[in-house]
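Trainee: Fold the following and give me the result.
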Amino acid sequence: MQESFDPALNAQVVQEDDGRVRGIRYQDEYAESDQDSPLTSSRRSPSRCRPAAGKS
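Mentor: This is a model prediction of the structure:
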């Protein structure tokens, strides 16, 4: 198995010797909040969320 960083995904990608992807570990990302409460900051608007790979 091989592990490499994919900057397009901002993640570590683990691949089998034949090239098949075995796993993807995303880097921790924390969005700064303008909210005073952790509860209200966890309810982020969809416009601030990053779309899944291959989706728009």
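Trainee: and residue 25, what element?
Mentor: strand 21-26 (DSSP states H and E).
Trainee: what about the residue lying closest to residue 23 once chain neighbours are set aside, how many residues close to it?
Mentor: Setting aside the residues directly before and after it, residue 23 is nearest to residue 14 in space (C-beta to C-beta, 6 or more residues apart in numbering), at 4.4 Å. From N, CA and C alone the C-beta is placed, and that goes for glycine too. By other C-beta atoms under 10 Å, the residues close to residue 14 number 15.
Trainee: May I ask you to confirm that residue 14 is in contact with residue 5?
Mentor: No. Contact criterion C-beta atoms under 8 Å: residue 14 and residue 5 do not qualify, at 11.1 Å.
Trainee: so how far is residue 3 from the residue nearest to residue 23?
Mentor: Remark: distance between residue 14 and residue 3 (C-beta to C-beta, to the nearest Å) = 5 Å.
Trainee: and if you look at residue 36?
Mentor: 40 Å.
Trainee: is residue 21 in a bridge, and if so with what?
Mentor: Taking DSSP bridges as the rule, residue 21 bridges to residue 15.
Trainee: how about the helices in the protein?
Mentor: Here the chain has its helices, by DSSP state H, at 38-41.
Trainee: Would you point out the helix or strand in it whose mean pLDDT is lowest?
Mentor: Counting by mean pLDDT, DSSP states H and E, the weakest-scoring helix or strand in the chain turns out to be helix 38-41, with a mean of 62.
Trainee: Give me the contact list for the strand holding residue 25.
Mentor: Strand 21-26 has contacts (C-beta atoms under 8 Å, 6 or more residues apart in numbering) with 1, 9-16.
Trainee: Of the residues you listed, just the buried ones, PyMOL syntax please.
Mentor: Of the contacts of strand 21-26, the buried ones can be selected in PyMOL as follows, counting by 16 or more other C-beta atoms under 10 Å:
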select buried, resi 11
